[in-house]
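S.K.: Just the structure for this:
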Amino acid sequence: MTIATPDWMTRGAPHVWRPYCQMKTAPAPLAVARTEGSSLVLEDGRALVDGIASWWTACHGYNHPHIRAAVQRQLDLMPHVMFGGLAHEPAYRLAQRLAALLPGDLDHVFFAESGSVSVEIAMKMALQYWINRGVTGRTRFLSFKGGYHGDTLATMTICDPEEGMHSLFAGVMPAQIVTDLPLDPASEAALDALLAQKAGEIAAVIVEPRVQGAGGMLFHSDAVLRTLRRLCDKHDLLLVFDEIFVGFGRTGDLFACEGSGVTPDIVTLSKALTGGTLPLSAAIARTPVFEAFWSDDAGAALMHGPTYMANPLACAAANASLDLFETGAWKADVARIHAALAEGLEPCRAAPGVVDVRTLGAIGVVEFDHPVETGPLCMAFAEQGCWIRPMGKVVYLTPPYVVTDAELARLTGAISTVLLG
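M.R.: This is a model prediction of the structure:
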């Protein structure tokens with residue numbers, strides 16, 4: 001069937017630089033007219049069940065009436081003001097609520113617009129923490145193989161250098177230390193020895209707790225996080241949790257740090273923070289980190305301030321999203337999704353090249369022994385009525401929590417049909 005391309009797309013396509021694809025050879029993107037619940041409604045009238053919640057953001061589904069109403073009310077009052085020297089209620093209330101939800105004394109919230117930027121801010125906090133304390137030489141970061149923390153220049157240096165997306169930029173920025181997660185006694189001993197040798201060079205250790213997302217949807221246990229906390233305390237290092245993917249219920253707890261019982265020194269949040277409506281992120285620090293910047297010396301301040309930080313519309317959306325989380329209904333939905341993904345994806349173990357099928361919370365993963373072809377698979381899944389965008393060696397599902405049982409069956413059925421033929 002030939003589907004006509006909308007005029008706006010034909011006219012605009014020569015001028016749009018698309019993400020994560022070789023535009024010369026990639027299939028044309030699908031034109032979306034509107035969204036509803038867990039569905040993307042295309043310009044041609046087809047409705048696709050969104051299996052990845054627009055890169056894990058639309059946790060409550062699209063067009064949620066409570067979030068939409070909150071944004072509309074805020075739009076009527078004040079769409080934006082600069083945050084330098086000015087304050088507004090949505091941001092201050094959101095900061096208070098996030099501090100109350102996060103464990104320990106993670107009480108100090110610095111807002112930004114994107115996840116990558118919040119990680120850069122966390123890195124900047126960690127570097128200046130030591131400078132403000134009069135400690136010199138701590139200019140590097142330790143991160144882990146399989147990790148992904150963003151596409152901006154500094155965050156690229158702490159991603160897995162073998163992961164692929166950033167290999168072209170090797171040598172552009174200072175090299176960081178990327179090593180193995182302490183998954184067993186041998187790798188724990190190796191990390192302990194490495195930290196003993198390099199601690200004087202390291203500002204912080206950074207990890208994606210429970211799931212390394214874009215690097216391959218790799219799972220690890222809370223015992224790993226407890227090990228990292230213990231080793232960071234032993235070697236006097238800051239510990240940063242990048243919860244941009246896993247935060248807001250994706251693994252079954254509102255935050256991985258909360259569920260694991262491990263309090264990092266800094267945590268970064270984004271993605272589902274606004275329920276998939278507007279860009280917003282945060283780097284949230286414990287009190288001892290914040291106190292290193294609290295000074296009579298103006299030079300000890302954190303000199304950072306994204307133009308749209310703490311945007312009132314985004315903060316209103318985030319507060320509305322937190323209202324929905326406070327009802328607790330999401331917990332049953334995540335458990336329901338987990339059970340459906342575990343059952344529905346299990347047949348994929350028999351597909352050619354599949355090496356693992358795994359689930360955690362509202363995450364389902366089918367892993368191959370080779371990189372998959374994203375474009376052709378996207379189109380094949382769309383023909384089954386689903387929007388599923390593989391990456392690297394994995395086909396994965398991270399649907400909105402409001403996805404219905406019938407929609408879940410459609411998602412897992414589409415993957416089985418395409419992979420098993």
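S.K.: use CA for all of it now, contacts and neighbours both
M.R.: Fine.
S.K.: Residue nearest the middle of this protein, spatially speaking?
M.R.: Residue closest to the mean C-alpha point of the chain, counted by Cα atoms, centre = their mean, is residue 245 at 2.5 Å.
S.K.: And that residue, which helix or strand is it part of?
M.R.: Using DSSP states H and E, residue 245 sits in no helix or strand.
S.K.: quick one: it and residue 268 touch, right?
M.R.: No. Under the criterion of Cα atoms under 8 Å, residue 245 is not in contact with residue 268, lying 9.7 Å apart.
S.K.: ok so, going back, and the residue nearest to the centre of the chain, what does it touch?
M.R.: 56, 213, 269, 270, 271, 272 (Cα atoms under 8 Å, 6 or more residues apart in numbering).
S.K.: what's across from the third one in the sheet?
M.R.: When bridges are taken as DSSP bridges, the partners of residue 269 come out as residue 282.
S.K.: quick one on the thing from earlier: dump the contacts of residue 245 to CSV, plus distance to residue 254, pLDDT and neighbour count.
M.R.: As requested, those are exported to CSV (distance: Cα to Cα, whole Å; pLDDT from 0 to 100; neighbours: other Cα atoms under 10 Å):
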residue, distance to residue 254, pLDDT, neighbour count
56, 14, 97, 23
213, 17, 96, 19
269, 12, 98, 27
270, 13, 98, 31
271, 13, 97, 26
272, 11, 98, 29
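S.K.: From the rest of the structure, what touches stretch 83-95?
M.R.: With Cα under 8 Å, 6+ apart as the criterion, stretch 83-95 contacts 108-109, 305, 307-312, 315-316, 318-319.
S.K.: can you tell me which of those lies nearest to residue 47?
M.R.: residue 318 (27.0 Å; Cα to Cα).
S.K.: what number of residues lie near the residue lying closest to the closest one once chain neighbours are set aside?
M.R.: Among residues not flanking residue 318 along the chain, residue 274 sits closest, at 4.0 Å (Cα to Cα, 6 or more residues apart in numbering). Residue 274: 26 surrounding residues under other Cα atoms under 10 Å.
S.K.: Residue 274 and residue 73: what is the separation?
M.R.: 15 Å (Cα to Cα, to the nearest Å).
S.K.: go on, residue 140?
M.R.: Counting by Cα to Cα, the gap from residue 140 to residue 73 is 44 Å.
S.K.: same for the lowest-mean-pLDDT helix or strand in the chain, what does it pack against?
M.R.: Least confident helix or strand, the chain: helix 153-156 with a mean of 92, by mean pLDDT, DSSP states H and E. Secondary-structure packing of helix 153-156 (3 or more Cα pairs under 8 Å, 6 or more residues apart in numbering; DSSP states H and E): helix 115-132.
S.K.: from the chain's centre, how far out does the helix it packs on sit?
M.R.: How far helix 115-132 lies from its chain's middle: 18 Å, per Cα atoms, centre = their mean, to the nearest Å.
S.K.: residue boundaries of the helices in this protein?
M.R.: 7-12, 53-56, 65-77, 89-101, 115-132, 153-156, 185-198, 222-234, 256-260, 287-291, 312-326, 329-345, 374-383, 405-420 (DSSP state H).
S.K.: Just send these back as JSON lines, with distance to residue 172 too.
M.R.: Converted to JSON lines, these look like this (distance: least, Cα to Cα, whole Å):
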{"stretch": "helix 7-12", "distance to residue 172": "33"}
{"stretch": "helix 53-56", "distance to residue 172": "28"}
{"stretch": "helix 65-77", "distance to residue 172": "41"}
{"stretch": "helix 89-101", "distance to residue 172": "35"}
{"stretch": "helix 115-132", "distance to residue 172": "16"}
{"stretch": "helix 153-156", "distance to residue 172": "9"}
{"stretch": "helix 185-198", "distance to residue 172": "22"}
{"stretch": "helix 222-234", "distance to residue 172": "28"}
{"stretch": "helix 256-260", "distance to residue 172": "33"}
{"stretch": "helix 287-291", "distance to residue 172": "29"}
{"stretch": "helix 312-326", "distance to residue 172": "34"}
{"stretch": "helix 329-345", "distance to residue 172": "41"}
{"stretch": "helix 374-383", "distance to residue 172": "28"}
{"stretch": "helix 405-420", "distance to residue 172": "39"}
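S.K.: Can you say which of these is nearest to residue 176?
M.R.: Per Cα to Cα, nearest to residue 176 of the helices of the chain: helix 153-156, 9.8 Å.
S.K.: now that closest one, how far from the centre of its chain.
M.R.: 15 Å.
S.K.: cool, and stretch 235-246?
M.R.: So, by Cα atoms, centre = their mean, the centroid of stretch 235-246 is 13 Å from its chain's centroid.
S.K.: mind checking the end-to-end distance for it?
M.R.: Length of stretch 235-246, first residue to last, Cα to Cα: 27 Å.
S.K.: show me what contacts residue 292?
M.R.: 129, 132, 133, 300.
S.K.: Mind putting the residues you listed into JSON lines with neighbour count, pLDDT and distance to residue 30?
M.R.: JSON lines is the format used below for the contacts of residue 292 (neighbours: other Cα atoms under 10 Å; pLDDT from 0 to 100; distance: Cα to Cα, whole Å):
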{"residue": "129", "neighbour count": "23", "pLDDT": "98", "distance to residue 30": "46"}
{"residue": "132", "neighbour count": "18", "pLDDT": "98", "distance to residue 30": "50"}
{"residue": "133", "neighbour count": "11", "pLDDT": "98", "distance to residue 30": "52"}
{"residue": "300", "neighbour count": "16", "pLDDT": "97", "distance to residue 30": "49"}
